[in-house]
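1. Just to be clear, the model below is a prediction. Sequence and coordinates:
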Amino acid sequence: MNKPYVIGVDIGGTNTVFGIVDARGQVIESDSIKTRKHTNFDDFVSELYEGVKRLLEKNEAEDKIQGIGIGAPNANYYTGEIINPPNLPWEGPVIPLADKVSKAFGGIPVAVTNDANAAALGEMTYGAARGMKDFIMITLGTGVGSGIVVNGQLVYGHDGFAGELGHLIVKRNNGRMCGCGRTGCLEAYCSATGVARTAREFLEVRTEPSTLRDLQIEDITSKDVYDAAVAGDKMAKDIFNYTGTILGEAFADMVSFTSPQAIILFGGLAKSGDLLMKPLQEAFDKSVMPVFRGKTKIILSELKESDAAVLGASALGWEAKNMA
């Protein structure tokens with residue numbers, strides 16, 4: 001094979017991870033940059049190019065790249081564009097992601113998809129979803145992303161945007177404002193930023209002691225809440241119970257759509273263990289329709305934090321040449 005590698009890129013709300021991947025699905029080497037360092041998209045692309053270039057030179061792979069696959073929030077598989085990204089710093093309702101990255105890399109073909117769809121591709125090929133034809137991938141990071149696989153195929157819909165389960169409405173009355181412009185979305189409650197928002201609300205309306213009160217309220221993160229909960233802080237545990245319950249109820253609704261074999265959780269918040277999983281499973285079992293009871297597993301990703309999305313995005317890299 002003249003060009004035995006592809007580049008996989010995962011653009012997250014906080015970090016952008018990229019790596020060189022071979023035809024066997026091995027990540028040769030990866031690195032990352034801060035997504036929010038540049039508010040100008042062209043500057044971001046320039047830094048991404050320089051980072052990838054360093055990896056290619058280090059691994060003597062400059063002329064061995066067949067294509068680039070990118071997973072990003074609100075990325076459209078059909079058009080190669082990011083549309084109204086809710087958690088990214090770049091201006092404009094339409095960002096020509098594939099076109100600008102391809103030009104920066106001298107015309108190498110680029111294909112893009114939603115970041116959670118990319119994670120689903122990686123999980124289906126290399127992780128916990130191997131052998132599954134029907135599953136839902138949920139990414140719990142800065143936002144809540146999802147990739148829906150039905151009969152072995154990712155669901156894109158007629159316009160490329162199907163499967164935005166993070167924007168199901170879970171609070172119809174007086175819901176929180178979401179980055180998408182609506183109120184009451186799952187993402188506003190069950191993402192890492194949602195957990196931090198819950199912490200601030202609890203601290204304002206509740207009076208009991210909590211180690212979270214020792215922190216600057218506006219600077220509290222989901223990691224702070226996790227650390228406090230592990231140390232036994234009751235309010236912090238209640239925050240996870242609140243979050244897990246909402247998530248479990250939402251999962252019960254999702255199962256009604258596609259009857260998946262599994263719902264697979266990926267991302268930093270998914271690493272919270274029983275703090276999140278116990279209330280989640282309890283709420284799911286209580287809320288799921290009887291016909292679906294006991295049929296859908298809720299499990300954690302088997303891939304390393306960076307690998308699922310990078311490997312999934314790299315799978316698009318092999319297709320990019322045919323899509324160009």
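-> Noted; the coordinates are in hand.
2. Can you show me the helices along the stretch 51-200 of the chain?
-> Taking DSSP state H, counting those that start in this stretch, the helices of the stretch 51-200 of the chain run over residues 97-104, 115-126, 187-190, 192-205.
3. worst average pLDDT in these?
-> For those, the weakest mean pLDDT is recorded on helix 115-126, namely a mean of 85.
4. Just give me how far that one sits from the chain centre.
-> The chain centre lies 10 Å from the centre of helix 115-126; the measure is C-alpha atoms, centre = their mean, to the nearest Å.
5. just checking, what packs against it?
-> With contacts taken as 3 or more C-beta pairs under 8 Å, 6 or more residues apart in numbering; DSSP states H and E, helix 115-126 sits against strand 5-11, strand 65-72, strand 135-140, strand 144-150, strand 153-154, strand 262-266, helix 307-323. Bear in mind the C-beta positions are built from the backbone N, C-alpha and C, glycine included.
6. what angle do that helix and strand 65-72 make?
-> When axes from the mean of the first three to the mean of the last three C-alpha atoms, to 10 degrees is applied, the directions of helix 115-126 and strand 65-72 differ by 120 degrees.
7. Taking helix 307-323 as reference, get the angle to helix 115-126.
-> Going by the same axes, to 10 degrees, helix 115-126 makes 100 degrees with helix 307-323.
8. Any buried residues in stretch 225-243, and which?
-> Buried positions in stretch 225-243, judged by neighbour count with 16 or more other C-beta atoms under 10 Å: 225-226, 228-229, 233, 235-243.
9. returning to that earlier point: possible to save the helices of the stretch 51-200 of the chain as JSON lines with mean neighbour count and distance to Gly273?
-> Below are those laid out as JSON lines (neighbours: other C-beta atoms under 10 Å; distance: least, C-beta to C-beta, whole Å):
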{"stretch": "helix 97-104", "mean neighbour count": "20", "distance to Gly273": "35"}
{"stretch": "helix 115-126", "mean neighbour count": "28", "distance to Gly273": "20"}
{"stretch": "helix 187-190", "mean neighbour count": "26", "distance to Gly273": "16"}
{"stretch": "helix 192-205", "mean neighbour count": "18", "distance to Gly273": "14"}
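10. Tabulate those helices (a markdown table), appending distance to Gly80.
-> Shown next, in a markdown table, are the helices of the stretch 51-200 of the chain (distance: least, C-beta to C-beta, whole Å):
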| stretch | distance to Gly80 |
| --- | --- |
| helix 97-104 | 3 |
| helix 115-126 | 14 |
| helix 187-190 | 24 |
| helix 192-205 | 28 |
